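> Need a 3D model of the sequence below.
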Amino acid sequence: MRGFVSLLRLDLVLQTRSFLYPATAVSTLMICLFIMLLPDRPASPELVAFLVFMDPATIGLSFVGAMVLVEKSQGTLLALDLTPTLPQAYVSAKAISLTLLTFVSSLVVVLVATAGAFDLIRQLVALSLCSVVAVLMGLVCVARARGMNHLVVRLLGVTTLLYLPLLPHFGVVGGASGMALGLIPSYAMLTVLRASVDPATVSLVGQGLAVAYLVVWAAALWRWTMREFEGSIVTEGR
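Numbering: from 1, shown residues only. Modelled structure (predicted):
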């Protein structure tokens with residue numbers, strides 16, 4: 001437990017030194033300004049879900065990779081390998097610290113977009129699932145990255161894939177194509193986020209399936225990350 005607390009404190013310090021909080025504040029402000037300039041308010045649940053989805057997708061997926069690369073360059077991970085710190089503690093600290101940041105920024109966006117008309121509990125559950133899945137994806141992406149350029153290429157590919165479900169989310173495509181794109185986990189993220197804004201837009205069965213799907217993805221990514229921790233993250237490649 002003490003090791004986990006130390007890692008969590010280290011993450012918060014690293015995020016502060018990396019100016020992550022000012023950058024997040026600026027991006028949140030820009031999204032809020034965009035919402036305030038919309039001619040139709042309150043914004044539709046689909047649009048709010050997308051705007052909120054951008055936070056976990058950016059913070060969890062991208063920032064965690066940059067943090068790991070910084071720790072590699074500073075020798076922090078090699079030092080951790082010489083201590084009794086468990087891989088679970090390292091990954092959990094990353095997931096929790098970035099999820100807390102996602103809570104703050106995303107709740108501000110939802111508050112502005114809906115004028116407070118949203119389900120707080122559903123929103124926190126949805127944000128937790130989205131952030132954890134995104135952070136674990138980011139850790140898998142950075143595990144074997146040889147540097148920032150290599151990481152950026154990987155993140156571009158993963159991000160492009162994650163944004164494809166926006167097509168069925170906004171009703172651009174349907175049928176078999178929509179069902180196929182619905183298998184990408186970001187569609188389940190958008191579904192739970194939309195349900196937290198307006199539960200009537202998603203059936204209870206749909207909400208349950210989306211939550212279960214994200215839990216399965218989180219469990220699979222957790223196992224994958226644990227394998228990569230010793231083989232790639234700490235040792236910088238097999």
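
> next helix or strand past the worst-scoring helix or strand of the chain on mean pLDDT?
Across the helices and strands of the chain, mean confidence by mean pLDDT, DSSP states H and E is lowest for helix 76-81: a mean of 63. Downstream of helix 76-81, the next assigned helix or strand under DSSP states H and E is helix 87-114.

> Where does the closest residue to Met67 other than its chain neighbours fall, secondary structure wise?
Nearest residue to Met67 in three dimensions, chain neighbours excluded: Leu14, at 5.9 Å (CB to CB, 6 or more residues apart in numbering). All C-beta atoms are positioned from the backbone trio N, CA, C, and that covers glycine. Assigned by DSSP H and E, Leu14 belongs to helix 2-17.

> how about low-confidence regions in the chain?
1-3, 75-85, 230-238 (pLDDT under 70).

> what ranges do the strands span in it?
In the chain, no strands are defined using DSSP state E.

> Helices of that one, start to end?
2-17, 20-36, 45-55, 64-74, 76-81, 87-114, 120-143, 148-163, 166-169, 175-181, 185-197, 204-228 (DSSP state H).

> I'd like the ones you listed laid out as JSON lines, including mean neighbour count.
Formatted as JSON lines, these follow (neighbours: other CB atoms under 10 Å):
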{"stretch": "helix 2-17", "mean neighbour count": "15"}
{"stretch": "helix 20-36", "mean neighbour count": "15"}
{"stretch": "helix 45-55", "mean neighbour count": "22"}
{"stretch": "helix 64-74", "mean neighbour count": "18"}
{"stretch": "helix 76-81", "mean neighbour count": "16"}
{"stretch": "helix 87-114", "mean neighbour count": "20"}
{"stretch": "helix 120-143", "mean neighbour count": "23"}
{"stretch": "helix 148-163", "mean neighbour count": "15"}
{"stretch": "helix 166-169", "mean neighbour count": "20"}
{"stretch": "helix 175-181", "mean neighbour count": "13"}
{"stretch": "helix 185-197", "mean neighbour count": "26"}
{"stretch": "helix 204-228", "mean neighbour count": "16"}
